[in-house]
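In: predicted structure and sequence below. I'll ask about it afterward.
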Amino acid sequence: MRLSKRRSLERTDRFKKLYGMRAGIEATNSCLDRVIGFKHSRCRGVSKLKMSLAFIVNALNLLRYAKKCRKTM
């Protein structure tokens, strides 16, 4: 009964919209780990970690932009 309730919830448009957003975030987190290795950060402290994350996210954005530009050429 619980499974059928869950499956009926998964068929709704609201669920698909929310899950799609989560899937995008999870894909970004996975890319941060695979491509840049964020899980193995070597800094200590909140302020250093925030700055490190800012640099890493910007690097990921540059990599994605470069990949997109190569496709259009």
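Out: Done, it's in.
In: burial count for S4?
Out: By other CB atoms under 10 Å, 8 other residues sit near S4. To be clear about C-beta, it is placed using only N, CA and C from the backbone, and glycine gets the same treatment.
In: same question for V35.
Out: Neighbour tally, V35, other CB under 10 Å: 13.
In: what sits against it?
Out: V35 is in contact with 60, 63, counting by CB atoms under 8 Å, 6 or more residues apart in numbering.
In: find the helix or strand that E26 is a member of.
Out: helix 13-31 (DSSP states H and E).
In: how near is R2 to R42?
Out: R2 sits 44 Å away from R42, going by CB to CB, to the nearest Å.
In: state the pLDDT value of M73.
Out: As predicted, M73 sits at a pLDDT of 65.
In: ok now whichever strand or helix holds F55, how far from the chain's centre?
Out: Per DSSP H and E: F55 is located in helix 46-72. Mean-position distance between helix 46-72 and its chain equals 12 Å (CA atoms, centre = their mean, to the nearest Å).
In: got the buried residues for it?
Out: 56, 60 (16 or more other CB atoms under 10 Å).
In: so for this protein, the centremost residue is which one?
Out: By CA atoms, centre = their mean, the chain has its centre lying nearest to T28, at 2.0 Å.
In: contacts only, for that one.
Out: Per CB under 8 Å, 6+ apart, neighbours of T28: L60.
In: pLDDT below threshold where in this structure?
Out: Scanning the chain for pLDDT under 70 picks out the ranges 73.
In: quick one: residues contacting R6.
Out: Listed by CB under 8 Å, 6+ apart, R6 has no contact partners.
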